[in-house]
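Chemist: I need the structure of the sequence given here:
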Amino acid sequence: MAILTQLARYGAACLLTLGLSVPAWAADGLIEQPASAARTFASARVMRTPLFAAQVGSGPRVTTAGIVYLPDGTAAAPPLAFASEPGLGAYRYAANKLGFVSAAYSASVPIIGIGAAFYLGATAELNWSSTTDAFGAADLKLTREASATLQMGSDAAGVTNQMFKGPDRITSDGVGGHLFLGGGRPRGASRGGAVALQSAPPAAAAAAGTLQTVFTADYQNIMAMESFHQPHMVVKNDFTAKALTDGSVNVVFGSPSGIVNYREEQDKTASSWVNTTTGLDISADNTIDDEGVEIYLGNGADTTTGWHIARGSTGACFTVNFTIALIAGTDQFVIGWRQNEAWRDDNVYTGYADWSVVGINNVDGSIFSEGEVAGGGTLQDDSGVNAANGDTRTLKVCLAETTGVPTAYYTTNGSPTFVPITMTNSGTAKTAGIQMNPLISYQQAGGAIDAGIKINWWAITRP
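Modeler: Got it, this is the predicted structure:
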């Protein structure tokens, strides 16, 4: 077996300096020692051979009590490697950084690195074997799914459920260990980070689902997604039977979003709040021009405490996913935030003092961002995009926590990706100190044209 590689250019003098006899050339071109040979170098001597190989085992070997210096090497040619697999080994990646490579995964960069921290390449996994053999079948894995996203378990046609748990108590009776999840600590007067749970609503056949925040908790609020799959109790705000008359205000109990109010616009024979198997139908009669509804998340009867956010101290995003059958059936379907004040008696959201919305404001499906500050008049920005018949889209409006600056977004039909609207005009900060709540405002365009509006889900989250 070979123990020294390509030392010919140093000559016999180099070997004699190390205390070795001059060996013979083997048939494979390597310098060879007898199978029983072994050499121990004095502790004061140093091996500086740029190319060096040693085998430990029943074959020849080289040992030293001193220091062995290897060349830096590269990922493609690590200086510490194996004869049967020269692409598997270690090399000096950079100052104070050791890289481990495997040509089977990458011949150009390390897959594991050690420096001031422990590093893994994007495709590397942390695997725990189900046996004492580290390379046995793994039943627990940690992988990088995407930027800042850690995943437990492997993607597969048949997935294995995973669990993250606290410690068990043993040997003495008592409670088990608590498991705490926490957001980051703030600095200054800002809030601490929230804890959010996400899940994906059903997707189209053969399409991947998209995660949505369904529950958010911070030190002030608990906010959850409303998907209309649970029963609600709806009564008039005086706790009599829900009303269908113009201007009547009804209250919805049982929503994960808290108390929800809605105000009917125009007399109706059908309610603007109808739970279906596919979402909330707000179409109602669709027989009178400007028939509609304003849905308000909060206590509409209390304009001093029934609010979700206060401009300057808290911020939030309101997101609504909806499906519209016929664009020509509505010239007003918007979602967003408005000041916590008395209802407008004509369902015209532009009558509130401070508000910020995004949505459809014309029978051609134009998507606009709109807003107003302190009753100073409507400010608009056109997204340049029109919704179409049968679209399922998501709209979102966020209000920044400290500045009160709004941002508005929309998605294309069926897409989970938000597109921001350039808010040159409507991006003005809201009035400091005011209280604001989410709203949805819908009006029918006229005649017997049914827009077929359904709200699939909504969510309040932190920006």
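Chemist: Does residue 99 touch residue 112 like I think?
Modeler: Yes. Contact criterion Cβ atoms under 8 Å: residue 99 and residue 112 qualify, at 7.4 Å. Just so you know, the C-beta spots here come from the backbone N, C-alpha and C atoms, and that holds for glycine as well.
Chemist: burial measure for the spatially closest residue to residue 219 that is not a sequence neighbour, as a count.
Modeler: Nearest residue to residue 219, sequence neighbours excluded (Cβ to Cβ, 6 or more residues apart in numbering): residue 192, at 5.9 Å. Applying other Cβ atoms under 10 Å, we find 14 residues neighbouring residue 192.
Chemist: residues contacting residue 192?
Modeler: 182-186, 218-219 (Cβ atoms under 8 Å, 6 or more residues apart in numbering).
Chemist: What's opposite the residue nearest to the spatial centre of the chain in the beta bridge?
Modeler: The chain has residue 149 as the residue nearest its centroid, 6.9 Å off, counting by Cα atoms, centre = their mean. Here residue 149 sits in beta bridges with residue 146, as judged by DSSP bridges.
Chemist: How confident was the prediction at it?
Modeler: Note on residue 149: pLDDT of 92.
Chemist: got it, and residue 460?
Modeler: 89.
Chemist: in the stretch 351-463 of the chain, which spans are strands?
Modeler: 355-360, 366-372, 379-386, 392-399, 406-410, 419-420, 435-444, 453-461 (DSSP state E, counting those that start in this stretch).
Chemist: neighbour-wise, which of residue 99 and residue 112 wins?
Modeler: Shown here are residue 99 and residue 112; by other Cβ under 10 Å, residue 99 has more neighbours (23 against 15).
Chemist: I'd like the distance between that one and residue 144.
Modeler: Distance of residue 99 to residue 144, computed by Cβ to Cβ, to the nearest Å: 18 Å.
Chemist: what's the answer for residue 196, then?
Modeler: Taking Cβ to Cβ, one finds residue 196 at 20 Å from residue 144.
Chemist: How about residue 294?
Modeler: Taking Cβ to Cβ, one finds residue 294 at 45 Å from residue 144.
Chemist: and the two? which has more neighbours close in?
Modeler: Neighbour count, other Cβ under 10 Å: between residue 294 and residue 144, residue 294 has more, with 23 against 16.
Chemist: thinking again about what came up before, pop out the phi and psi values for the residue nearest to residue 219.
Modeler: phi -70, psi 160 (degrees, to the nearest 10).
Chemist: Okay, now the unreliable bits of the chain?
Modeler: The chain contains residues with pLDDT under 70 at 1-64, 204-207, 220, 305-306, 312, 447-448.
Chemist: For residue 98, list each beta-bridge partner.
Modeler: Note on residue 98: beta-bridge partners residue 92, residue 114, judged by DSSP bridges.
Chemist: so who does it touch?
Modeler: 90-92, 113-115.
Chemist: Repeat that for residue 300.
Modeler: Contacts of residue 300 (Cβ under 8 Å, 6+ apart): 237, 249, 261, 263, 306, 343.
Chemist: of all the residues you listed, which comes closest to residue 287?
Modeler: The nearest member of these to residue 287, counting by Cβ to Cβ, is residue 263 at 18.7 Å.
Chemist: can I assume the closest one sits in a strand?
Modeler: Yes. The assignment for residue 263 is a strand, going by DSSP: H, G, I helix; E, B strand; the rest coil.
Chemist: Can you name the residues that contact it?
Modeler: Shown in contact with residue 263 (Cβ under 8 Å, 6+ apart): 247-250, 293-294, 296, 300, 343, 347.
Chemist: Now, those residues that are in strands?
Modeler: 249-250, 293-294, 296 (DSSP state E).
Chemist: Tell me the most packed of the residues you listed, by neighbour count.
Modeler: Within the ones in strands among the contacts of residue 263, most neighbours by other Cβ under 10 Å means residue 293, with 25 neighbours.
Chemist: do you know how far the closest residue to residue 440 other than its chain neighbours is from residue 400?
Modeler: With sequence-adjacent residues excluded and distances taken as Cβ to Cβ, 6+ apart, residue 440 is closest to residue 295, at 4.2 Å. Separation of residue 295 from residue 400 (Cβ to Cβ) stands at 24 Å.
Chemist: Compare these two and say which is more crowded by neighbours.
Modeler: Neighbour tally, residue 295 and residue 400, criterion other Cβ under 10 Å: the higher count belongs to residue 295, 23 against 16.
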